[in-house]
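Participant: here is a sequence together with a model predicted from it:
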Amino acid sequence: MAKKISILIVDDERSVRDSLCSWFIEDGYRVVSAEDAKKALSLIESETFDIVLADIKMPGMDGLEMLKRIKTIRKEVIVIMMTAFATVDTAVQALKDGAFDYVTKPFDPDDLSHLIRNASRQISLMEENEVLKDKVVSLENVEDLIGESKAMQQVLLEIESVAQSTASVIITGESGTGKELVARAIHVNSPRKFFPLVSVHCGALSESLLESELFGHEKGAFTGAVYNRKGRFEMADNGTIFLDEIATISTKMQVELLRVLETKSFVRVGGNKEIKSDFRVICATNRDLKTMVDNGAFREDLFYRLNVVNIRVPPLRERTEDIPLLTEYFIKKYCTTMNRPVMSIEPAALSRLAEFPFPGNIRELENMIERAIVVGNGKKICLKDLPIEKNKSMPSFESLNELEKHHVLQILNKYNWNISVSAKALKIDRVTLYNKIKKYNLKQSN
(Lines give C-alpha, C1' and ligand atoms only; values in the text may rest on other atoms or scores of the structure.)
Protein backbone atom coordinates (compact mmCIF):
# COMPACT_ATOMS: atom_id res chain seq x y z
CA MET A 1 0.00 0.00 0.00
CA ALA A 2 1.24 3.48 -0.90
CA LYS A 3 -0.23 4.81 2.33
CA LYS A 4 -0.55 2.84 5.58
CA ILE A 5 -4.24 2.85 6.46
CA SER A 6 -4.98 3.48 10.14
CA ILE A 7 -7.83 1.65 11.90
CA LEU A 8 -9.47 2.36 15.27
CA ILE A 9 -11.18 -0.65 16.93
CA VAL A 10 -13.88 0.26 19.47
CA ASP A 11 -15.36 -2.61 21.51
CA ASP A 12 -15.98 -3.18 25.20
CA GLU A 13 -14.82 -6.82 24.93
CA ARG A 14 -11.04 -7.12 25.20
CA SER A 15 -10.94 -10.48 23.37
CA VAL A 16 -12.64 -8.90 20.34
CA ARG A 17 -10.26 -5.93 20.36
CA ASP A 18 -7.18 -8.18 20.63
CA SER A 19 -8.34 -10.52 17.85
CA LEU A 20 -9.15 -7.70 15.45
CA CYS A 21 -5.89 -5.87 16.22
CA SER A 22 -3.89 -9.04 15.47
CA TRP A 23 -5.68 -9.65 12.17
CA PHE A 24 -5.27 -6.12 10.83
CA ILE A 25 -1.68 -5.63 12.02
CA GLU A 26 -0.84 -8.85 10.17
CA ASP A 27 -2.52 -7.39 7.06
CA GLY A 28 -0.23 -4.34 7.26
CA TYR A 29 -2.51 -1.72 8.82
CA ARG A 30 -1.77 0.64 11.70
CA VAL A 31 -4.21 -0.31 14.47
CA VAL A 32 -5.28 1.39 17.72
CA SER A 33 -8.05 0.20 20.07
CA ALA A 34 -10.43 1.75 22.59
CA GLU A 35 -12.75 0.07 25.12
CA ASP A 36 -15.57 2.64 24.95
CA ALA A 37 -17.01 5.50 22.89
CA LYS A 38 -15.67 8.25 25.15
CA LYS A 39 -12.05 7.16 24.73
CA ALA A 40 -12.59 6.57 20.99
CA LEU A 41 -13.88 10.11 20.46
CA SER A 42 -10.94 11.51 22.39
CA LEU A 43 -8.53 9.57 20.15
CA ILE A 44 -10.34 10.73 16.97
CA GLU A 45 -9.98 14.36 18.05
CA SER A 46 -6.23 14.00 18.64
CA GLU A 47 -5.21 11.52 15.91
CA THR A 48 -6.08 10.80 12.29
CA PHE A 49 -7.85 7.52 11.54
CA ASP A 50 -9.05 6.32 8.16
CA ILE A 51 -11.41 3.57 9.36
CA VAL A 52 -13.32 3.10 12.61
CA LEU A 53 -14.66 -0.39 13.40
CA ALA A 54 -17.14 0.06 16.27
CA ASP A 55 -19.49 -2.12 18.28
CA ILE A 56 -23.05 -0.89 18.62
CA LYS A 57 -23.84 -2.26 22.10
CA MET A 58 -21.42 -0.70 24.59
CA PRO A 59 -21.77 0.62 28.15
CA GLY A 60 -22.48 4.34 28.32
CA MET A 61 -22.65 5.86 24.82
CA ASP A 62 -23.65 3.27 22.22
CA GLY A 63 -22.14 2.85 18.77
CA LEU A 64 -24.93 4.66 16.89
CA GLU A 65 -24.56 7.79 19.01
CA MET A 66 -20.80 7.59 18.64
CA LEU A 67 -21.22 7.33 14.85
CA LYS A 68 -23.17 10.62 14.78
CA ARG A 69 -20.50 12.36 16.84
CA ILE A 70 -17.66 10.99 14.69
CA LYS A 71 -19.33 12.45 11.59
CA THR A 72 -19.40 15.88 13.22
CA ILE A 73 -15.69 15.65 14.14
CA ARG A 74 -14.25 13.89 11.05
CA LYS A 75 -16.85 13.59 8.30
CA GLU A 76 -14.45 11.78 5.98
CA VAL A 77 -13.73 8.87 8.38
CA ILE A 78 -15.16 5.52 7.22
CA VAL A 79 -17.16 3.88 10.02
CA ILE A 80 -18.12 0.19 10.00
CA MET A 81 -20.62 -0.92 12.67
CA MET A 82 -20.54 -4.39 14.26
CA THR A 83 -22.90 -6.20 16.62
CA ALA A 84 -23.97 -9.63 17.81
CA PHE A 85 -27.63 -8.58 17.77
CA ALA A 86 -28.36 -7.68 14.18
CA THR A 87 -31.76 -6.29 13.23
CA VAL A 88 -32.92 -4.70 10.01
CA ASP A 89 -33.92 -1.48 11.77
CA THR A 90 -30.54 -1.12 13.42
CA ALA A 91 -28.72 -1.72 10.12
CA VAL A 92 -30.87 0.82 8.28
CA GLN A 93 -30.35 3.43 11.01
CA ALA A 94 -26.58 2.93 10.98
CA LEU A 95 -26.42 3.40 7.20
CA LYS A 96 -28.68 6.46 7.38
CA ASP A 97 -26.35 7.99 9.95
CA GLY A 98 -23.38 7.59 7.61
CA ALA A 99 -21.94 4.12 8.30
CA PHE A 100 -19.97 2.58 5.43
CA ASP A 101 -21.21 -0.94 6.21
CA TYR A 102 -22.58 -3.22 8.92
CA VAL A 103 -21.22 -6.60 10.06
CA THR A 104 -22.42 -9.19 12.56
CA LYS A 105 -20.50 -11.26 15.11
CA PRO A 106 -18.94 -13.79 15.03
CA PHE A 107 -16.69 -12.54 12.21
CA ASP A 108 -15.17 -14.49 9.35
CA PRO A 109 -11.60 -13.09 9.15
CA ASP A 110 -11.54 -13.33 5.34
CA ASP A 111 -14.86 -11.50 4.96
CA LEU A 112 -13.76 -8.79 7.34
CA SER A 113 -10.41 -8.38 5.58
CA HIS A 114 -12.27 -8.07 2.27
CA LEU A 115 -14.53 -5.37 3.74
CA ILE A 116 -11.56 -3.39 5.05
CA ARG A 117 -9.87 -3.63 1.62
CA ASN A 118 -13.04 -2.20 0.02
CA ALA A 119 -13.03 0.62 2.55
CA SER A 120 -9.33 1.27 1.78
CA ARG A 121 -10.11 1.52 -1.93
CA GLN A 122 -12.84 4.03 -1.09
CA ILE A 123 -10.27 6.10 0.80
CA SER A 124 -7.91 5.99 -2.20
CA LEU A 125 -10.71 7.18 -4.50
CA MET A 126 -11.51 10.07 -2.17
CA GLU A 127 -7.85 11.10 -2.10
CA GLU A 128 -7.64 10.92 -5.90
CA ASN A 129 -10.71 13.16 -6.10
CA GLU A 130 -9.01 15.70 -3.85
CA VAL A 131 -5.94 15.65 -6.12
CA LEU A 132 -8.19 16.21 -9.15
CA LYS A 133 -9.90 19.10 -7.37
CA ASP A 134 -6.49 20.65 -6.70
CA LYS A 135 -5.68 20.33 -10.40
CA VAL A 136 -8.95 22.02 -11.29
CA VAL A 137 -8.11 24.84 -8.90
CA SER A 138 -4.68 25.23 -10.51
CA LEU A 139 -6.39 25.56 -13.91
CA GLU A 140 -8.44 28.41 -12.45
CA ASN A 141 -5.32 30.47 -11.89
CA VAL A 142 -4.59 33.18 -14.44
CA GLU A 143 -1.19 31.85 -15.43
CA ASP A 144 -1.70 32.90 -19.08
CA LEU A 145 -2.10 36.52 -18.00
CA ILE A 146 1.59 37.08 -17.49
CA GLY A 147 2.92 40.30 -16.07
CA GLU A 148 4.36 41.94 -12.99
CA SER A 149 3.80 45.49 -14.20
CA LYS A 150 1.51 47.80 -12.26
CA ALA A 151 -0.88 47.92 -15.24
CA MET A 152 -1.23 44.14 -15.38
CA GLN A 153 -1.57 43.78 -11.61
CA GLN A 154 -4.47 46.22 -11.80
CA VAL A 155 -6.16 44.00 -14.41
CA LEU A 156 -5.72 40.95 -12.15
CA LEU A 157 -7.24 42.84 -9.21
CA GLU A 158 -10.23 43.81 -11.36
CA ILE A 159 -10.70 40.19 -12.48
CA GLU A 160 -10.65 39.03 -8.86
CA SER A 161 -13.12 41.74 -7.89
CA VAL A 162 -15.68 41.03 -10.63
CA ALA A 163 -15.38 37.23 -10.98
CA GLN A 164 -17.72 36.29 -8.11
CA SER A 165 -20.49 38.63 -9.26
CA THR A 166 -23.00 38.15 -12.08
CA ALA A 167 -22.41 41.63 -13.51
CA SER A 168 -21.96 42.13 -17.25
CA VAL A 169 -18.42 43.08 -18.23
CA ILE A 170 -16.96 44.94 -21.20
CA ILE A 171 -13.26 44.27 -21.81
CA THR A 172 -11.62 47.00 -23.85
CA GLY A 173 -8.20 47.15 -25.41
CA GLU A 174 -6.31 47.05 -28.68
CA SER A 175 -6.17 43.92 -30.83
CA GLY A 176 -3.73 41.34 -29.54
CA THR A 177 -3.72 42.46 -25.89
CA GLY A 178 -5.36 39.29 -24.54
CA LYS A 179 -9.00 40.31 -24.01
CA GLU A 180 -10.27 36.73 -24.46
CA LEU A 181 -7.79 35.51 -21.82
CA VAL A 182 -9.27 38.03 -19.41
CA ALA A 183 -12.80 36.79 -20.21
CA ARG A 184 -11.69 33.19 -19.58
CA ALA A 185 -10.05 34.17 -16.29
CA ILE A 186 -13.27 35.83 -15.10
CA HIS A 187 -15.30 32.75 -16.02
CA VAL A 188 -13.05 30.11 -14.43
CA ASN A 189 -12.89 32.07 -11.19
CA SER A 190 -16.65 32.54 -11.02
CA PRO A 191 -19.41 30.33 -9.55
CA ARG A 192 -20.26 29.38 -13.17
CA LYS A 193 -16.87 27.74 -13.77
CA PHE A 194 -18.28 24.21 -14.04
CA PHE A 195 -20.57 25.28 -16.90
CA PRO A 196 -19.56 26.32 -20.44
CA LEU A 197 -17.76 29.44 -21.55
CA VAL A 198 -19.22 29.94 -25.04
CA SER A 199 -17.35 32.33 -27.37
CA VAL A 200 -18.77 34.12 -30.40
CA HIS A 201 -16.65 36.31 -32.71
CA CYS A 202 -19.32 38.80 -33.78
CA GLY A 203 -17.10 40.53 -36.33
CA ALA A 204 -16.55 37.34 -38.33
CA LEU A 205 -20.25 36.71 -39.09
CA SER A 206 -22.87 38.42 -41.23
CA GLU A 207 -26.07 39.59 -39.53
CA SER A 208 -28.11 36.54 -40.59
CA LEU A 209 -25.38 34.07 -39.64
CA LEU A 210 -24.84 35.81 -36.30
CA GLU A 211 -28.57 35.63 -35.55
CA SER A 212 -28.61 31.88 -36.25
CA GLU A 213 -25.38 31.41 -34.28
CA LEU A 214 -26.69 33.20 -31.20
CA PHE A 215 -30.32 32.06 -31.15
CA GLY A 216 -30.15 28.73 -33.02
CA HIS A 217 -32.62 27.69 -35.69
CA GLU A 218 -35.39 25.19 -36.38
CA LYS A 219 -35.29 22.67 -39.19
CA GLY A 220 -36.47 24.29 -42.43
CA ALA A 221 -36.04 27.86 -41.13
CA PHE A 222 -33.96 28.70 -44.21
CA THR A 223 -32.23 26.94 -47.11
CA GLY A 224 -29.68 24.55 -45.67
CA ALA A 225 -31.33 24.30 -42.24
CA VAL A 226 -31.77 20.51 -42.38
CA TYR A 227 -31.92 19.99 -38.62
CA ASN A 228 -32.67 21.84 -35.39
CA ARG A 229 -29.67 23.61 -33.93
CA LYS A 230 -29.07 25.08 -30.50
CA GLY A 231 -27.82 28.66 -30.39
CA ARG A 232 -24.91 29.93 -28.33
CA PHE A 233 -27.20 31.54 -25.75
CA GLU A 234 -28.83 28.16 -25.18
CA MET A 235 -25.44 26.43 -24.96
CA ALA A 236 -24.31 28.97 -22.36
CA ASP A 237 -27.11 28.12 -19.90
CA ASN A 238 -25.72 28.44 -16.34
CA GLY A 239 -22.39 29.49 -17.85
CA THR A 240 -20.93 32.52 -19.61
CA ILE A 241 -21.24 33.83 -23.15
CA PHE A 242 -18.31 35.85 -24.50
CA LEU A 243 -19.20 38.23 -27.34
CA ASP A 244 -15.99 39.33 -29.00
CA GLU A 245 -15.94 42.47 -31.17
CA ILE A 246 -19.37 43.51 -29.89
CA ALA A 247 -19.03 46.91 -31.62
CA THR A 248 -19.46 45.27 -35.05
CA ILE A 249 -23.06 44.06 -34.60
CA SER A 250 -25.84 45.73 -36.60
CA THR A 251 -28.52 48.00 -35.16
CA LYS A 252 -31.11 45.21 -35.58
CA MET A 253 -28.92 42.77 -33.65
CA GLN A 254 -28.37 45.40 -30.96
CA VAL A 255 -32.14 45.56 -30.41
CA GLU A 256 -32.45 41.77 -30.28
CA LEU A 257 -29.46 41.42 -27.96
CA LEU A 258 -30.88 44.03 -25.57
CA ARG A 259 -34.15 42.10 -25.33
CA VAL A 260 -32.33 38.83 -24.60
CA LEU A 261 -30.23 40.45 -21.89
CA GLU A 262 -33.33 41.92 -20.24
CA THR A 263 -35.52 38.79 -20.38
CA LYS A 264 -32.93 35.97 -20.57
CA SER A 265 -35.24 34.39 -23.16
CA PHE A 266 -35.31 34.12 -26.96
CA VAL A 267 -36.86 32.25 -29.88
CA ARG A 268 -34.88 30.20 -32.37
CA VAL A 269 -34.86 31.40 -35.98
CA GLY A 270 -37.93 29.86 -37.63
CA GLY A 271 -39.38 28.78 -34.30
CA ASN A 272 -42.14 30.03 -31.99
CA LYS A 273 -41.21 28.44 -28.66
CA GLU A 274 -39.63 30.78 -26.10
CA ILE A 275 -36.42 29.35 -24.62
CA LYS A 276 -35.03 30.44 -21.25
CA SER A 277 -31.30 30.53 -20.54
CA ASP A 278 -29.42 31.75 -17.47
CA PHE A 279 -26.09 33.12 -18.69
CA ARG A 280 -23.59 35.80 -17.82
CA VAL A 281 -22.41 38.04 -20.66
CA ILE A 282 -18.87 39.29 -21.15
CA CYS A 283 -18.05 41.43 -24.19
CA ALA A 284 -14.85 42.66 -25.75
CA THR A 285 -14.05 45.42 -28.21
CA ASN A 286 -11.08 47.39 -29.53
CA ARG A 287 -13.33 50.37 -30.33
CA ASP A 288 -14.53 53.25 -28.15
CA LEU A 289 -18.17 52.28 -27.54
CA LYS A 290 -18.95 55.54 -25.73
CA THR A 291 -17.90 57.53 -28.82
CA MET A 292 -20.03 55.19 -30.95
CA VAL A 293 -22.98 55.91 -28.63
CA ASP A 294 -22.35 59.66 -28.99
CA ASN A 295 -22.25 59.24 -32.79
CA GLY A 296 -25.44 57.13 -32.85
CA ALA A 297 -23.64 54.00 -34.05
CA PHE A 298 -24.32 52.00 -30.87
CA ARG A 299 -27.47 51.97 -28.76
CA GLU A 300 -27.09 53.84 -25.48
CA ASP A 301 -29.44 51.48 -23.57
CA LEU A 302 -27.47 48.42 -24.73
CA PHE A 303 -24.18 50.11 -23.86
CA TYR A 304 -25.26 50.75 -20.27
CA ARG A 305 -26.73 47.23 -19.99
CA LEU A 306 -23.35 45.76 -20.99
CA ASN A 307 -21.03 48.29 -19.39
CA VAL A 308 -21.70 47.44 -15.73
CA VAL A 309 -17.98 46.79 -15.26
CA ASN A 310 -15.26 47.91 -17.67
CA ILE A 311 -11.83 46.29 -17.67
CA ARG A 312 -9.19 47.92 -19.88
CA VAL A 313 -6.35 45.65 -20.97
CA PRO A 314 -3.23 47.78 -21.50
CA PRO A 315 -1.26 47.60 -24.76
CA LEU A 316 2.22 46.10 -24.57
CA ARG A 317 3.92 49.49 -25.00
CA GLU A 318 2.40 50.51 -21.63
CA ARG A 319 3.87 47.47 -19.88
CA THR A 320 7.28 47.03 -21.50
CA GLU A 321 8.68 45.68 -18.21
CA ASP A 322 6.63 42.54 -18.87
CA ILE A 323 8.33 41.82 -22.23
CA PRO A 324 11.13 39.64 -20.71
CA LEU A 325 8.56 37.50 -18.83
CA LEU A 326 6.35 37.13 -21.89
CA THR A 327 9.35 36.30 -24.06
CA GLU A 328 10.46 33.56 -21.67
CA TYR A 329 6.91 32.16 -21.57
CA PHE A 330 6.60 32.00 -25.37
CA ILE A 331 10.07 30.46 -25.75
CA LYS A 332 9.14 27.64 -23.37
CA LYS A 333 5.74 27.22 -25.03
CA TYR A 334 7.02 26.86 -28.59
CA CYS A 335 10.16 24.90 -27.75
CA THR A 336 7.92 22.38 -26.00
CA THR A 337 5.45 22.34 -28.91
CA MET A 338 8.27 21.78 -31.41
CA ASN A 339 9.93 19.17 -29.17
CA ARG A 340 13.15 21.20 -28.95
CA PRO A 341 15.40 22.02 -25.98
CA VAL A 342 14.36 25.27 -24.33
CA MET A 343 16.35 28.11 -25.87
CA SER A 344 17.57 31.32 -24.27
CA ILE A 345 17.66 34.78 -25.83
CA GLU A 346 20.74 36.94 -26.16
CA PRO A 347 20.70 40.32 -24.34
CA ALA A 348 20.88 42.35 -27.57
CA ALA A 349 17.79 40.61 -28.96
CA LEU A 350 15.87 41.09 -25.70
CA SER A 351 16.89 44.74 -25.64
CA ARG A 352 15.59 45.23 -29.19
CA LEU A 353 12.26 43.63 -28.21
CA ALA A 354 11.98 46.00 -25.25
CA GLU A 355 12.43 49.00 -27.58
CA PHE A 356 9.93 47.82 -30.21
CA PRO A 357 6.45 49.52 -30.07
CA PHE A 358 4.53 46.29 -30.89
CA PRO A 359 1.48 47.68 -32.71
CA GLY A 360 0.15 44.09 -32.75
CA ASN A 361 0.75 43.80 -29.00
CA ILE A 362 1.25 40.38 -27.34
CA ARG A 363 0.03 38.50 -30.40
CA GLU A 364 2.81 40.13 -32.44
CA LEU A 365 5.44 39.29 -29.81
CA GLU A 366 4.24 35.68 -29.73
CA ASN A 367 4.49 35.40 -33.51
CA MET A 368 8.00 36.90 -33.44
CA ILE A 369 9.21 34.37 -30.87
CA GLU A 370 7.65 31.44 -32.71
CA ARG A 371 9.34 32.55 -35.96
CA ALA A 372 12.68 33.10 -34.19
CA ILE A 373 12.59 29.53 -32.81
CA VAL A 374 11.81 28.13 -36.27
CA VAL A 375 14.57 30.04 -38.12
CA GLY A 376 17.15 29.98 -35.32
CA ASN A 377 19.88 27.36 -35.59
CA GLY A 378 21.60 27.61 -32.23
CA LYS A 379 20.71 27.35 -28.57
CA LYS A 380 19.97 31.06 -28.38
CA ILE A 381 17.60 33.43 -30.12
CA CYS A 382 19.83 36.06 -31.72
CA LEU A 383 19.12 39.56 -32.96
CA LYS A 384 19.25 38.36 -36.57
CA ASP A 385 16.42 35.88 -35.85
CA LEU A 386 13.97 38.67 -35.03
CA PRO A 387 11.99 40.29 -37.87
CA ILE A 388 12.63 43.81 -36.57
CA GLU A 389 14.23 46.49 -38.69
CA LYS A 390 16.59 48.89 -37.01
CA ASN A 391 14.85 52.04 -35.86
CA LYS A 392 14.84 54.63 -38.60
CA SER A 393 16.49 57.87 -37.62
CA MET A 394 14.01 60.28 -36.17
CA PRO A 395 13.53 63.54 -38.03
CA SER A 396 15.16 66.49 -36.29
CA PHE A 397 13.11 69.39 -35.03
CA GLU A 398 14.35 72.82 -34.07
CA SER A 399 11.55 73.53 -31.58
CA LEU A 400 9.56 71.60 -29.00
CA ASN A 401 6.35 72.68 -30.73
CA GLU A 402 7.43 70.98 -33.96
CA LEU A 403 8.31 67.82 -32.05
CA GLU A 404 4.95 67.84 -30.24
CA LYS A 405 3.04 68.47 -33.47
CA HIS A 406 4.78 65.54 -35.16
CA HIS A 407 4.14 63.20 -32.19
CA VAL A 408 0.47 64.13 -31.79
CA LEU A 409 -0.16 63.61 -35.52
CA GLN A 410 1.59 60.25 -35.39
CA ILE A 411 -0.65 59.06 -32.54
CA LEU A 412 -3.83 60.33 -34.22
CA ASN A 413 -2.96 58.54 -37.47
CA LYS A 414 -2.05 55.38 -35.58
CA TYR A 415 -5.52 55.22 -34.00
CA ASN A 416 -7.41 56.37 -37.09
CA TRP A 417 -8.18 59.70 -35.44
CA ASN A 418 -10.14 58.06 -32.63
CA ILE A 419 -10.00 61.00 -30.18
CA SER A 420 -10.68 59.03 -26.98
CA VAL A 421 -8.11 56.33 -27.67
CA SER A 422 -5.51 58.83 -28.91
CA ALA A 423 -6.00 60.98 -25.81
CA LYS A 424 -5.47 57.94 -23.58
CA ALA A 425 -2.29 57.02 -25.47
CA LEU A 426 -0.98 60.58 -25.08
CA LYS A 427 -2.10 60.59 -21.42
CA ILE A 428 -4.10 63.79 -21.84
CA ASP A 429 -7.85 64.47 -21.80
CA ARG A 430 -9.96 64.85 -24.93
CA VAL A 431 -10.37 68.64 -24.55
CA THR A 432 -6.58 69.08 -24.42
CA LEU A 433 -6.20 66.93 -27.54
CA TYR A 434 -8.82 68.97 -29.43
CA ASN A 435 -6.94 72.14 -28.43
CA LYS A 436 -3.67 70.74 -29.81
CA ILE A 437 -5.35 69.71 -33.07
CA LYS A 438 -6.64 73.28 -33.40
CA LYS A 439 -3.33 74.82 -32.31
CA TYR A 440 -1.27 72.90 -34.91
CA ASN A 441 -4.03 72.92 -37.56
CA LEU A 442 -3.79 69.13 -37.85
CA LYS A 443 -5.81 67.44 -40.59
CA GLN A 444 -6.78 63.81 -41.11
CA SER A 445 -5.29 62.49 -44.35
CA ASN A 446 -7.70 60.93 -46.85
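Facilitator: Thanks, I have it.
Participant: just the pLDDT at the spatially most central residue of the chain, thanks.
Facilitator: Residue closest to the average C-alpha location in the chain (CA atoms, centre = their mean): residue 188, at 2.5 Å. The model reports residue 188 with a pLDDT of 91.
Participant: what of residue 389?
Facilitator: For residue 389, the model assigns a pLDDT of 62.
Participant: now do residue 264
Facilitator: Taking residue 264 on its own, its pLDDT is 92.
Participant: and for it, the neighbour number?
Facilitator: If you count neighbours by other CB atoms under 10 Å, residue 264 ends up with 14. (C-beta placed from N, C-alpha, C; glycine too.)
Participant: so how far is residue 65 from it?
Facilitator: For residue 264, the distance to residue 65 (CB to CB, to the nearest Å) stands at 49 Å.
Participant: equivalent analysis for residue 45, please.
Facilitator: As defined by CB to CB, residue 45 lies at a distance of 16 Å from residue 65.
Participant: for residue 416, same thing?
Facilitator: From residue 416 to residue 65 the distance is 77 Å (CB to CB).
Participant: quick one, which of the two is more surrounded?
Facilitator: Shown here are residue 416 and residue 65; by other CB under 10 Å, residue 65 has more neighbours (14 against 10).
Participant: part of a strand, is that one?
Facilitator: No: per DSSP: H, G, I helix; E, B strand; the rest coil, residue 65 lies outside any strand segment and is helix.
Participant: local confidence estimate at residue 296?
Facilitator: With respect to pLDDT, residue 296 scores 92.
Participant: whoops, I mixed them up, residue 133
Facilitator: Residue 133 is assigned 48 on the pLDDT scale.
Participant: poorly predicted segments of the stretch 301-446 of the chain, please.
Facilitator: 389-398, 445-446 (pLDDT under 70).
Participant: also the stretch 1-150 of the chain?
Facilitator: Regions of the stretch 1-150 of the chain meeting the criterion pLDDT under 70 cover residues 1-3, 86-88, 128-143.
Participant: tell me the strands in it, going along the chain?
Facilitator: Secondary structure of the stretch 1-150 of the chain (DSSP state E, counting those that start in this stretch): strands located at 6-10, 30-34, 51-55, 78-83, 101-104.
Participant: which of those sits most buried?
Facilitator: Greatest average neighbour count among the strands of the stretch 1-150 of the chain goes to strand 51-55 (a mean of 25), per mean count of other CB atoms under 10 Å.
Participant: next, the angle from it to strand 78-83.
Facilitator: If you take axes from the mean of the first three to the mean of the last three CA atoms, to 10 degrees, strand 51-55 sits at 20 degrees to strand 78-83.
Participant: contact partners of strand 51-55?
Facilitator: 5-13, 16, 20, 37, 40, 44, 63, 66-67, 70, 77-83, 100, 116, 119-120, 123 (CB atoms under 8 Å, 6 or more residues apart in numbering).
Participant: leaving out sequence neighbours, find the closest residue to residue 6.
Facilitator: Of all residues not flanking residue 6 in the chain, residue 30 sits nearest, at 4.3 Å (CB to CB, 6 or more residues apart in numbering).
Participant: how about the one you found, what does it touch?
Facilitator: Shown in contact with residue 30 (CB under 8 Å, 6+ apart): 4-7.
Participant: burial count for the nearest residue to residue 97 once chain neighbours are set aside?
Facilitator: Nearest in space to residue 97, with sequence neighbours left out and distances taken as CB to CB, 6+ apart, is residue 67 at 5.1 Å. When counting by other CB under 10 Å, one arrives at 22 neighbours for residue 67.
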